[in-house]
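> Please work out how this folds:
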Amino acid sequence: MNELLPKLRGLAPSLVPSLRRVADVLLADPGVAAGLTISDLATAAHTSKTTVLRLCRELGVPSYRDLRVRLAAEGGRAEARAERYAAGADISRTDSLDDVIAKITFADSQAIAETARLLDRDHLAAAVAAVAAARRVDVFGVGASAFVAMDLQQKLHRIGLISFSWSDQHAALTAAALLTPGDVAIAISHTGSTRDTVETIGLARRHGATTVALTAVPRSPLAVAVDHQLITASRETTFRSGAMASRIAALSVVDVLFVAVAQARYDRTVAALEATRKAVGIRRFDSDETR
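Model (predicted):
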């Protein structure tokens with residue numbers, strides 16, 4: 001089962017204000033929230049019991065009692081991890097270098113672990129099938145997401161799939177306008193709200209391409225504009241907007257997608273990797289050809 005707290009963090013930015021206030025109370029201290037009655041939680045969030053129950057439904061939790069049980073379990077695990085690693089919080093003025101290392105590395109490892117639990121297997125399988133059979137694959141991302149896009153493009157290109165990555169908006173729109181059914185367009189944005197990326201993937205979809213979003217916000221403008229969603233989990237803090245945790249989470253999904261596509265094209269993948277390995281091997285100082 002998907003963990004409740006990562007799912008709630010992903011949904012929070014797209015919730016209406018009344019639901020967002022309930023989510024903020026739950027996320028601020030899950031352990032304490034688990035001990036609140038529904039009336040207490042509604043009061044703390046300045047809303048109604050009906051709104052609390054609406055959030056339960058949004059999360060796929062059948063009742064408030066079930067919500068409290070899951071909060072207690074997950075909150076306890078999160079508290080134990082935080083006490084051990086002093087991680088998950090923002091960087092303070094007084095943190096030592098060891099504190100910074102612990103917080104950053106813990107956040108990054110948590111991003112990968114939580115992403116693995118959040119990934120929708122059906123959407124992932126559909127994306128893998130589409131990419132494996134695609135005439136071409138175009139990957140779109142700007143800013144920090146452009147690096148993730150380039151990584152996926154390089155991986156796919158090396159196993160013989162025609163692929164391109166685009167970070168310039170004019171070039172991206174030009175590429176999207178030339179896509180047709182049988183092509184795949186993959187858009188990458190942590191927030192899912194980057195206008196350039198959303199507009200580009202919309203154009204690609206209108207031209208018939210299969211569209212995939214890699215984002216941390218499942219109801220973001222990007223996520224709702226595509227055929228298949230690949231949802232990541234990570235926490236960004238004051239110093240870490242666009243941080244490595246979000247990129248590591250996205251890169252872990254890229255790796256999963258790539259390996260699954262490579263597996264689906266196993267014989268062609270092995271042949272392509274061998275050919276490309278030989279092509280670049282002579283550029284190594286330790287290769288036989290350079291001795």
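> what about the helices in the stretch 151-291 of the chain?
169-177, 195-206, 244-264, 266-281 (DSSP state H, counting those that start in this stretch).
> Turn the ones you listed into CSV, including distance to residue 4 and mean neighbour count.
C-beta: built from backbone N, CA, C; applies to glycine. Listed next are these as CSV, based on distance: least, Cβ to Cβ, whole Å; neighbours: other Cβ atoms under 10 Å:
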stretch, distance to residue 4, mean neighbour count
helix 169-177, 36, 17
helix 195-206, 28, 21
helix 244-264, 18, 20
helix 266-281, 37, 12
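> I'd like to know which of these lies nearest to residue 226.
Nearest of those to residue 226, taken as Cβ to Cβ: helix 195-206 at 6.0 Å.
> packing partners for that closest one?
strand 137-140, helix 169-177, strand 184-188, strand 210-215 (3 or more Cβ pairs under 8 Å, 6 or more residues apart in numbering; DSSP states H and E).
> Dump those to CSV, plus distance to residue 273 and mean pLDDT.
Output for the helices and strands packed on helix 195-206, formatted as CSV (distance: least, Cβ to Cβ, whole Å; pLDDT from 0 to 100):
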stretch, distance to residue 273, mean pLDDT
strand 137-140, 17, 98
helix 169-177, 26, 97
strand 184-188, 21, 98
strand 210-215, 23, 97
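> what would those look like in CSV with distance to residue 202?
As requested, those are exported to CSV (distance: least, Cβ to Cβ, whole Å):
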stretch, distance to residue 202
strand 137-140, 11
helix 169-177, 8
strand 184-188, 9
strand 210-215, 8
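> quick one on the thing from earlier: and the helices of the stretch 151-291 of the chain: which comes nearest residue 43?
Taking the helices of the stretch 151-291 of the chain one by one with Cβ to Cβ, helix 244-264 is closest: 33.4 Å.
> got the helices of the stretch 151-291 of the chain as TSV, with distance to residue 15 columns?
TSV is the format used below for those (distance: least, Cβ to Cβ, whole Å):
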stretch	distance to residue 15
helix 169-177	29
helix 195-206	19
helix 244-264	20
helix 266-281	42
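> Out of those helices, flag the one nearest residue 59.
helix 244-264 (20.3 Å).
> For residue 141, give me its contacts.
147, 148, 149, 165, 167, 187, 188, 189, 197 (Cβ atoms under 8 Å, 6 or more residues apart in numbering).
> try residue 159
Counting by Cβ under 8 Å, 6+ apart, residue 159 makes contact with 258, 261, 262, 265, 268, 269, 272, 273.
> Now the last one. Nearest residue, chain neighbours left out?
In this structure, residue 273 finds its nearest non-sequential neighbour in residue 159, 6.4 Å apart by Cβ to Cβ, 6 or more residues apart in numbering.
> cool, and the third one?
In space, and not counting its chain neighbours, residue 262 is closest to residue 269: 4.3 Å by Cβ to Cβ, 6+ apart.
> do the fifth one as well
Across the structure, with Cβ to Cβ, 6+ apart as the measure, the residue nearest residue 268 apart from its sequence neighbours is residue 160 (5.8 Å).
> If I look at the one you found, what pLDDT would I see?
As predicted, residue 160 sits at a pLDDT of 94.
> Just to check, residue 169 is in contact with residue 203?
No. With contact defined as Cβ atoms under 8 Å, residue 169 does not reach residue 203; the gap is 11.1 Å.
> centroid residue for this structure?
By Cα atoms, centre = their mean, the chain has its centre lying nearest to residue 232, at 2.2 Å.
> Not counting sequence-adjacent ones, nearest residue to it?
Excluding its sequence neighbours, the residue lying closest to residue 232 (Cβ to Cβ, 6+ apart) is residue 249, at 3.9 Å.
> which residues does that neighbour contact?
Residue 249 touches 111, 112, 114, 115, 216, 232, 233, 234, counting by Cβ under 8 Å, 6+ apart.
> Report the separation between the third one and residue 127.
Just to be clear, that refers to residue 114. Applying Cβ to Cβ, to the nearest Å, the value for residue 114 to residue 127 is 19 Å.
> So between the two, which is more surrounded?
More crowded of residue 114 and residue 127, by other Cβ atoms under 10 Å: residue 127, with 27 against 22.
> For the more buried one, list the residues it contacts.
Going by Cβ under 8 Å, 6+ apart, residue 127 touches 184, 186, 212, 228, 230, 257.
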